[in-house]
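Q: Just the structure for this:
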Amino acid sequence: MEATYIIKSDRVKANCLTAVASIPDGWVVSIRKPGKSNAQRSYWHMAVGLLAEHSGYTLEQTKYLIKEAVLGVEKFTDKKGKDHYLVPSSESLSKEDYSRLIDYTLMAAGKIGCVIPSATDYGLE
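A: Below is the predicted model of the structure:
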């Protein structure tokens, strides 16, 4: 049995506590903030694609530039002493951090006159 509880009320919290109290020894319980939604992911990828088409950068270049601006760059040194730089993956971002990616993308698009339809237009509210 696997269950996920999204705590939105005292009733759901009570149901979750009841479930946890009844599980056998050895099971794992995980508590975390919700991650990005599929709607957020779909909307950001659509927006980045339109921005890439409009800007002349490739899709990967556009993603890199946006992530670099919002998430920063991680530096690491390999075993031979050579420095490398990479932007963090967006796959494990929280809902809030993913919203920052979307907001920055929309702002960048606006600066160059690229019109990105609203999430509502795609049914991705």
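Q: which ones are touching F76?
A: Going by Cβ atoms under 8 Å, 6 or more residues apart in numbering, F76 touches D83, H84, L86. For every residue, glycine as well, the C-beta is placed using N, CA and C.
Q: again, but for E74
A: Contact partners of E74, counting by Cβ under 8 Å, 6+ apart, are Y85, L86, V87, P88.
Q: ok, now how distant is H84 from S92?
A: H84 sits 20 Å away from S92, going by Cβ to Cβ, to the nearest Å.
Q: same thing with T4?
A: As judged by Cβ to Cβ, T4 and S92 stand 17 Å apart.
Q: So if I had to pick from those two, which one is more boxed in?
A: Neighbours around T4 and S92, counted as other Cβ atoms under 10 Å, are more numerous at S92. The numbers are 10 against 7.
Q: wait, isn't the more buried one in contact with R41?
A: No: using Cβ atoms under 8 Å, S92 makes no contact with R41, being 11.8 Å away.
Q: between the contacts of F76, which is nearest K67?
A: K67 lies nearest to L86 out of those, by Cβ to Cβ, at 9.4 Å.
Q: Over to the closest residue to the closest one other than its chain neighbours: give its phi and psi.
A: Leaving aside its sequence neighbours, L86 sits nearest to E74 (Cβ to Cβ, 6 or more residues apart in numbering; 5.6 Å). When read as degrees, to the nearest 10, the backbone of E74 gives phi -100, psi 130.
Q: what ranges do the helices span in the protein?
A: Ranges of helices in the chain, per DSSP state H, are 10-21, 38-55, 59-71, 95-111.
Q: To R32, which of those lies closest?
A: The closest of the helices of the chain to R32 is helix 95-111. By Cβ to Cβ, the value is 11.3 Å.
Q: pull the CA atoms of that closest one into PDB?
A: The C-alpha coordinates for helix 95-111 follow below in PDB (Å, rounded to 0.1, in the frame of the first residue of the first chain):
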ATOM      1  CA  LYS A  95       6.700  25.000  -6.700                       C
ATOM      2  CA  GLU A  96       7.900  28.400  -5.500                       C
ATOM      3  CA  ASP A  97      11.300  28.100  -7.200                       C
ATOM      4  CA  TYR A  98       9.700  26.800 -10.400                       C
ATOM      5  CA  SER A  99       7.400  29.900 -10.300                       C
ATOM      6  CA  ARG A 100      10.600  32.000 -10.300                       C
ATOM      7  CA  LEU A 101      11.800  30.300 -13.500                       C
ATOM      8  CA  ILE A 102       8.400  31.000 -15.100                       C
ATOM      9  CA  ASP A 103       8.300  34.600 -14.000                       C
ATOM     10  CA  TYR A 104      11.900  35.300 -15.200                       C
ATOM     11  CA  THR A 105      11.100  33.600 -18.600                       C
ATOM     12  CA  LEU A 106       8.000  35.800 -19.000                       C
ATOM     13  CA  MET A 107      10.000  38.900 -18.100                       C
ATOM     14  CA  ALA A 108      12.800  38.000 -20.500                       C
ATOM     15  CA  ALA A 109      10.300  37.400 -23.300                       C
ATOM     16  CA  GLY A 110       8.600  40.800 -22.600                       C
ATOM     17  CA  LYS A 111      11.900  42.600 -22.900                       C
END
